[in-house]
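Undergrad: Provided below are the primary sequence and the corresponding predicted coordinates.
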Amino acid sequence: MILTVDVGNTQIEMGIFEDGQLKKSWRIATGINRTEDEYMVFIQHFFSMANLDMSKLDGIGLSSVVPNITAIFQKMCIKYLEKEPLIVDHTLRLGIKVLYSDPAAVGADRLCNAVAAYQKYRQAVVIIDFGTATTFDVVNGRGEYLGGIISPGVETTAWALHRRAAKLPKISLDFPPGAIGRNTEHSMQAGIMLGTVKMIDGLLKDVIDELGEKPHVIATGGLARLIQPKTRYIEDYFPHLVLEGLHQIYLMNV
């Protein structure tokens with residue numbers, strides 16, 4: 001039984017893999033002031049709810065883009081679980097070659113997404129992750145991670161508009177009735193939601209042209225299920241892609 005933990009800027013996702021399958025997953029808010037003891041309380045609670053025996057835990061894989069929480073989780077794993085977690089970075093065996101100009105600058109979550117996607121299709125892939133940032137990651141047909149795109153996430157954009165413009169309200173992240181907003185909320189939804197779809201399709205066309213081969217395009221992240229049907233190029237949606245890639249990287253390196 002393998003515990004996988006993906007620490008993002010907004011949420012932490014945890015999953016349990018048994019016999020190569022994701023059996024359970026949970027999410028909590030990323031709390032930068034939590035201690036290792038508090039995180040352990042969450043894990044104990046999740047294991048208890050799922051009737052999982054913590055003594056049968058074989059190992060831990062950790063992907064994190066928040067360095068101080070990386071250290072806290074590492075301390076927790078050693079203190080309570082008596083296991084050193086495998087922490088994902090570019091120096092591990094990944095099954096792909098990282099051609100980014102500075103491989104150390106590629107986020108662990110982006111590496112996990114790229115590994116999982118390439119393992120699924122064994123061809124050129126583009127992964128779009130709808131999180132705090134909306135990221136594109138590109139792997140060619142030779143299994144080489146080329147790089148990608150980082151843009152503001154949908155929720156981040158909506159939050160920034162509300163915070164920076166006194167008269168703009170918080171809005172629900174839904175699609176409006178049409179492109180011409182008849183009230184402030186629909187106008188903002190048109191700009192944010194429809195704008196995101198146009199951005200995704202426009203950038204994907206440029207990426208595909210530059211790549212020079214037809215990739216399989218997949219999406220992951222919280223808002224991916226809502227946005228995917230509106231896009232032209234996204235073919236599949238996988239809600240737990242980072243955890244899948246993290247599990248695969250763990251298996252490659254133990």
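TA: Sure, I can see it. Numbers count the residues shown, from 1 in each chain.

Undergrad: what segments of the chain are strands?
TA: 2-7, 11-18, 21-29, 59-64, 86-87, 97-98, 125-130, 133-139, 144-152, 216-221, 236-237 (DSSP state E).

Undergrad: got a list of contacts for the third one?
TA: I take that to be strand 21-29. Residues outside strand 21-29 that contact it (C-beta atoms under 8 Å, 6 or more residues apart in numbering) are 10-17, 42, 46, 50, 52, 240, 243-244, 247. Quick note: C-beta positions are derived from backbone N, CA and C, even for glycine.

Undergrad: what does the second one give?
TA: The contact list for strand 11-18, computed with C-beta under 8 Å, 6+ apart, reads 1-6, 22-30, 43, 46, 50, 52, 69, 222, 240, 242-243, 247.

Undergrad: in that strand, what's buried?
TA: Residues of strand 11-18 classed as buried: 12-17 (neighbour count, 16 or more other C-beta atoms under 10 Å).

Undergrad: neighbours around the nearest residue to residue 60 once chain neighbours are set aside, how many?
TA: Computed as C-beta to C-beta, 6 or more residues apart in numbering, the closest residue to residue 60 that is not its neighbour in sequence is residue 85, at 4.0 Å. Using other C-beta atoms under 10 Å, residue 85 has 22 neighbouring residues.

Undergrad: show me where this protein has its helices.
TA: Taking DSSP state H to define them, one finds helices in the chain at 36-49, 67-76, 108-121, 154-164, 184-189, 195-211, 224-227, 241-252.

Undergrad: state the mean pLDDT of the third one.
TA: Going back to what we said before, that points to helix 108-121. On average, the pLDDT along helix 108-121 is 98.

Undergrad: what about residue 112, how many residues nearby?
TA: Residue 112, neighbours per other C-beta under 10 Å, totals 29.

Undergrad: hang on, residue 204 packs against residue 126?
TA: Yes: with contact defined as C-beta atoms under 8 Å, residue 204 and residue 126 form a contacting pair (6.7 Å).

Undergrad: need the residues touching each of the two.
TA: Counting by C-beta under 8 Å, 6+ apart, the residues touching both residue 204 and residue 126 are 136, 217.

Undergrad: between the two, who's got more neighbours?
TA: residue 126 (26 against 20).

Undergrad: picking up where we left off before, list phi and psi for the residue nearest to residue 60.
TA: For residue 85, the backbone dihedrals (degrees, to the nearest 10) come out as phi -70, psi 150.

Undergrad: how about the contacts made by it?
TA: Residues near residue 85 by C-beta under 8 Å, 6+ apart: 5, 59-62, 73-74, 77.

Undergrad: and those residues as TSV, adding pLDDT and distance to residue 150?
TA: Below are the contacts of residue 85 laid out as TSV (pLDDT from 0 to 100; distance: C-beta to C-beta, whole Å):
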residue	pLDDT	distance to residue 150
5	98	23
59	97	31
60	98	28
61	98	24
62	98	22
73	96	24
74	97	26
77	97	29
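
Undergrad: of those residues, closest to residue 89?
TA: residue 62 (10.3 Å; C-beta to C-beta).

Undergrad: I'd assumed residue 47 was in contact with residue 54.
TA: Yes: with contact defined as C-beta under 8 Å, residue 54 and residue 47 form a contacting pair (5.2 Å).

Undergrad: now the buried residues of strand 11-18 as TSV including distance to residue 143 and pLDDT?
TA: Below are those laid out as TSV (distance: C-beta to C-beta, whole Å; pLDDT from 0 to 100):
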residue	distance to residue 143	pLDDT
12	29	96
13	25	97
14	28	98
15	24	98
16	28	98
17	23	98
